[in-house]
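**Q** no sequence for this one, just the structure:
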Ligand SMILES: [Fe+2]
């Protein structure tokens, strides 16, 4: 079955599966067509300014109050929530991991969530968590919603299908999806084993960054974002709904599927985006801009220019700058950087940072190209070079990222990561030429 999508970012969408199921000219008719219930899903306070006001009207077989019964506690011990401080004994440092191992037991998307870092405070609706998911089992009768934030999903291995109450998103590595706070969904696997990264955003929603002098085009263009058309199922068999709420998990049993939205309209909805449609902008004579030039989506913090989260990619691109050290420069940063590699090679670390791997460069901890990368880039002939077959990304936040015990004790952590800079030589010898022997 092919699922269809509507283009645009933050549009006021409308979609119906049955002719006439979407009311026209009003939101809440006395008797909606087909005996549906009208229900509003609000992603912002009612009174948020127009530019950030987000809500959708859902027309469904049963209202959501029928999709929860009495709750009981549920346990997903590897999914952590901020504040989660002092969870481990690992000393401060720059860290890198090989991929999180695939599970041997049957594991669905929710059970397979492994938190690596948390930042900020979910109770203050600020900060984020960086997770890796690994799964080998589809969710059949289990459904989930997250009251703690929206989920930005970055697949790395295997295709999956997010069957949400507002429509179906099929997702493969190279694409990303954003599932809004509160949206009910389940995850079906298209491929046998899947792995990827998730940024859980406790704060204001991800949005497109302003382009400033870049103008009206390039970077991520709104038309390349795809929101699913309505889809529903009428399934009258036992189902479960799992809720993540302020860091705890709760479970409720119901007698039917909650994925029963026949029509909807509004601007609060899930979407996907193909990273290959990102149009990178960079230096065309010398030096290079800060990595923020590659921001796909940003979640503001309330302080101008200081993101709660920036989602940044390092896509294929031409390197043309003259008299320039072309890889990322050495730096220390008030923002904390969680990096992943979807496929290929990252230009500052040709070895050691493998697809599915993770690196973590936290608040004010120094990092930059490894010694072989520095050597190569310092002596390279500066002709135009296409950096191809690569897609790295960064979840960057203004808050320090607290490592979880799972991340600290993960057997794929590279104990020798800091040795990648050990061979950087002293080049200073008092002469303007320096010592390049
Ligand atoms: Fe950095």
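**A** Sure thing, it's come through. For clarity, every value in this text was computed on a predicted model and none was experimentally measured.
**Q** quick one, longest helix in this protein?
**A** helix 371-379 (DSSP state H).
**Q** what mean pLDDT would you report for that helix?
**A** Averaging pLDDT along helix 371-379 yields 94.
**Q** Next, the buried residues of that helix.
**A** Going by neighbour count (16 or more other CB atoms under 10 Å), the buried part of helix 371-379 is 373-374, 377. For the C-beta atoms, the positions are set from N, CA and C on the backbone; glycine is no exception.
**Q** what do you get for stretch 211-225?
**A** Under the neighbour-count criterion of 16+ other CB under 10 Å, stretch 211-225 has 219-221, 224-225 buried.
**Q** Closest one of the residues you listed to residue 13?
**A** residue 225 (11.0 Å; CB to CB).
**Q** and the spatially closest residue to the closest one that is not a sequence neighbour, what does it touch?
**A** Nearest-residue entry for residue 225: residue 9, 4.4 Å, with adjacent residues in sequence omitted and distances by CB to CB, 6 or more residues apart in numbering. Going by CB atoms under 8 Å, 6 or more residues apart in numbering, residue 9 touches 208, 220, 222, 225, 271.
**Q** Narrow those residues to those in strands?
**A** If you go by DSSP state E, the contacts of residue 9 have 225, 271 in strands.
**Q** The contacts of residue 9 into JSON lines, with extra columns for pLDDT and distance to residue 87?
**A** Converted to JSON lines, those look like this (pLDDT from 0 to 100; distance: CB to CB, whole Å):
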{"residue": "208", "pLDDT": "98", "distance to residue 87": "34"}
{"residue": "220", "pLDDT": "98", "distance to residue 87": "34"}
{"residue": "222", "pLDDT": "98", "distance to residue 87": "39"}
{"residue": "225", "pLDDT": "98", "distance to residue 87": "35"}
{"residue": "271", "pLDDT": "98", "distance to residue 87": "33"}
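**Q** closest to residue 319 among the contacts of residue 9?
**A** residue 220 (21.1 Å).
**Q** Okay, now the unreliable bits of the stretch 251-400 of the chain?
**A** Nowhere does the stretch 251-400 of the chain drop to pLDDT under 70.
**Q** in which helix or strand would I find residue 427?
**A** Using DSSP states H and E, residue 427 sits within no helix or strand.
**Q** If we ignore the residues flanking it in sequence, what's nearest it?
**A** Nearest non-adjacent residue to residue 427 (CB to CB, 6+ apart): residue 434, at 4.4 Å.
**Q** And the residue most central in space within the chain, its phi and psi?
**A** Per CA atoms, centre = their mean, the C-alpha nearest to the average position across the chain is that of residue 152, at 2.7 Å. Phi and psi for residue 152, reported as degrees, to the nearest 10, are phi -100, psi 120.
**Q** For residue 417, see how far away the residue nearest to residue 427 is.
**A** To residue 417, residue 434 is 27 Å away according to CB to CB, to the nearest Å.
**Q** Just want to know which of these two has more residues nearby.
**A** Taking neighbours as other CB atoms under 10 Å, residue 434 and residue 417 compare with residue 417 leading, 20 against 11.
**Q** Mind listing residues that contact stretch 416-427?
**A** Here stretch 416-427 makes contact (CB under 8 Å, 6+ apart) with 93-96, 349, 352, 359, 368, 370-372, 374, 434-436.
**Q** Of those, which is the nearest to residue 80?
**A** Closest to residue 80, out of all of these and judged by CB to CB, is residue 95, at 16.4 Å.
**Q** pretty sure that closest one is touching residue 413, no?
**A** Yes - applying CB atoms under 8 Å as the test, residue 95 and residue 413 come out as touching, 6.3 Å apart.
**Q** Looking at these two, which one has more neighbours?
**A** Set side by side, residue 95 and residue 413 show more neighbours around residue 95, with 23 against 17, by other CB under 10 Å.
**Q** Next, find the distance separating that one from residue 356.
**A** Note on residue 95: its distance to residue 356, by CB to CB, is 15 Å.
**Q** Give me the residues contacting the longest helix of the chain.
**A** With CB under 8 Å, 6+ apart as the test, helix 371-379 has contacts from 325-327, 347-351, 368-369, 420-424, 436.
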